[in-house]
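Engineer: Make a model of this:
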Amino acid sequence: MLSDVCARVLVSGRVQGVFFRYSCAREAAAAGLRGTVRNLPDGRVEAVFQGATHAVQRLISWCHDGPPAARVADVTVSWEPLDDGLPDF
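Structural biologist: Residues are numbered from 1 along each chain as shown. Take a look at the predicted model:
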């Protein structure tokens with residue numbers, strides 16, 4: 001669909017060990033997005049969101065705060081080509 005986008009989001013700060021991945025995946029599933037979320041060895045969380053533009057933008061906004069125990073320092077977004085191989089959350 002032309003209105004679909006794919007974003008790779010890198011989140012840094014206190015984002016591991018605070019249910020960031022779990023909460024992010026739940027938010028993304030509720031928004032009807034496809035993609036992945038994982039911890040990186042350097043302490044960041046990487047998420048890939050694909051779906052309707054407004055839903056992806058909402059998840060990116062959510063990443064700036066994350067779950068209550070998270071302390072987000074930075075969010076970096078790069079726009080990627082659509083990927084038909086991404087799983088549902």
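
Engineer: Stretch 23-43: end-to-end distance?
Structural biologist: Start to finish, the residues bounding stretch 23-43 are 17 Å apart (C-alpha to C-alpha, to the nearest Å).

Engineer: List the neighbours of it that are in contact with it.
Structural biologist: 6, 10, 12, 15-16, 21, 45-52, 55-56, 58-59, 62-63, 66-67, 86-89 (C-beta atoms under 8 Å, 6 or more residues apart in numbering). (Each C-beta comes from the backbone N, C-alpha and C, glycine too.)

Engineer: Now the buried members of these.
Structural biologist: Neighbour counting over the contacts of stretch 23-43 (16 or more other C-beta atoms under 10 Å) leaves 6, 10, 15-16, 21, 45-51, 55-56, 58-59, 62-63, 66-67, 86, 89 as the buried ones.

Engineer: how about the helices in this protein?
Structural biologist: Counting by DSSP state H, the chain has helices at residues 20-30, 53-63.

Engineer: for the last one, packing partners?
Structural biologist: Using 3 or more C-beta pairs under 8 Å, 6 or more residues apart in numbering; DSSP states H and E as the contact criterion, the elements in contact with helix 53-63 are strand 4-14, helix 20-30, strand 45-52, strand 71-80.

Engineer: Tell me how far residue 37 lies from residue 59.
Structural biologist: If you measure residue 37 against residue 59 using C-beta to C-beta, to the nearest Å, the figure is 10 Å.
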